[in-house]
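>>> can you look at this prediction? I've put the sequence above it.
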Amino acid sequence: DAKTTQPTSMDCAEGRAANLPCNHSTISGNEYVYWYRQIHSQGPQYIIHGLKNNETNEMASLIITEDRKSSTLILPHATLRDTAVYYCIVTRRGSTLGRLYFGRGTQLTVWP
Amino acid sequence: DAGITQSPRYKITETGRQVTLMCHQTWSHSYMFWYRQDLGHGLRLIYYSAAADITDKGEVSDGYVVSRSKTENFPLTLESATRSQTSVYFCASSESSPGDTQYFGPGTRLTVL
């Protein structure tokens, strides 16, 4: 599975959009981009995933560049409860060889 | 709609004792996983299971044993606990492959004295 690179930390004002970048320059054609987050002391929580196209759900939007070498998770209106570590993971969906490798992630702090 | 549960949530034990952490899921997912999380290491995979009676090692399996006699349960046993196994343990499940969306339990905080 391809490796990812994320900034160690970011901050954002409450009510503003939080844009979390991720580089995955070695991604393969059959690998998906997944985002999870982990609020302090809780289990990781799935946010969103995508292959090529931009995706949106009730939690966030995922923008994947055309060459698929990077992506951005967007929380459109960040709240204090969005303070968490965000993990960008690339994996082969639907494959018995797929794994989730959690790196250090990005610590997002939302301030009032 | 319980989802995935873990018990106990907190456990303190002594070196050399056997400890079993329980994980139960109500979705009938095929795959189940055990991770540990330590400061400075992120989440690391201990064991996973593709179905009842099918298990395989992850990257940090030494000192751990798993079983899966029923689809919904995936207990993790530390046969002789060591201080280095002090950690937070998370169980997860996914519907049909390891690369699919994984859903995590709330975790068990284990302290080995």
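Looks like it came in fine. Numbering: from 1, shown residues only, chains lettered A, B, ... in the order given.

>>> what kind of secondary structure is the residue lying closest to A:Asn57 once chain neighbours are set aside in?
Nearest in space to A:Asn57, with sequence neighbours left out and distances taken as CB to CB, 6 or more residues apart in numbering or on different chains, is A:Ile48 at 5.5 Å. Bear in mind the C-beta positions are built from the backbone N, C-alpha and C, glycine included. Three-state call for A:Ile48 (DSSP: H, G, I helix; E, B strand; the rest coil): strand.

>>> so what's A:Ile48 up against?
Residues near A:Ile48 by CB atoms under 8 Å, 6 or more residues apart in numbering or on different chains: A:Tyr34, A:Trp35, A:Glu55, A:Thr56, A:Asn57, A:Met59, A:Ala60, A:Ser61, A:Leu62, A:Leu73.

>>> off-centre distance for the strand ranked longest in chain B?
Counting residues, the longest strand found in chain B (DSSP state E) is strand B:42-51. Relative to its chain's centre, strand B:42-51 lies at 7 Å (CA atoms, centre = their mean, to the nearest Å).

>>> list the contacts of B:Val65.
So B:Val65 contacts B:Leu76, B:Thr77, B:Leu78, B:Glu79 (CB under 8 Å, 6+ apart).

>>> which of those are buried? Put it as a ChimeraX command.
For the buried members of these, the matching ChimeraX selection, counting by 16 or more other CB atoms under 10 Å in any protein chain shown, is:
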select /B:76,78
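
>>> kindly export stretch A:33-47 (C-alpha atoms) in PDB.
The C-alpha trace of stretch A:33-47 is given here as PDB (Å, rounded to 0.1, in the frame of the first residue of the first chain):
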ATOM      1  CA  VAL A  33      -7.900   7.200  -0.300                       C
ATOM      2  CA  TYR A  34      -9.500   6.900   3.100                       C
ATOM      3  CA  TRP A  35      -9.800   9.400   5.900                       C
ATOM      4  CA  TYR A  36     -10.400   8.500   9.500                       C
ATOM      5  CA  ARG A  37     -10.200  10.600  12.600                       C
ATOM      6  CA  GLN A  38      -9.600   9.900  16.300                       C
ATOM      7  CA  ILE A  39     -11.000  12.100  18.900                       C
ATOM      8  CA  HIS A  40      -8.900  11.900  22.100                       C
ATOM      9  CA  SER A  41      -9.200   8.500  23.900                       C
ATOM     10  CA  GLN A  42     -11.800   7.200  21.400                       C
ATOM     11  CA  GLY A  43     -11.600   4.600  18.600                       C
ATOM     12  CA  PRO A  44     -10.800   5.800  15.100                       C
ATOM     13  CA  GLN A  45     -13.900   6.900  13.200                       C
ATOM     14  CA  TYR A  46     -14.400   6.600   9.400                       C
ATOM     15  CA  ILE A  47     -15.000   9.900   7.600                       C
END
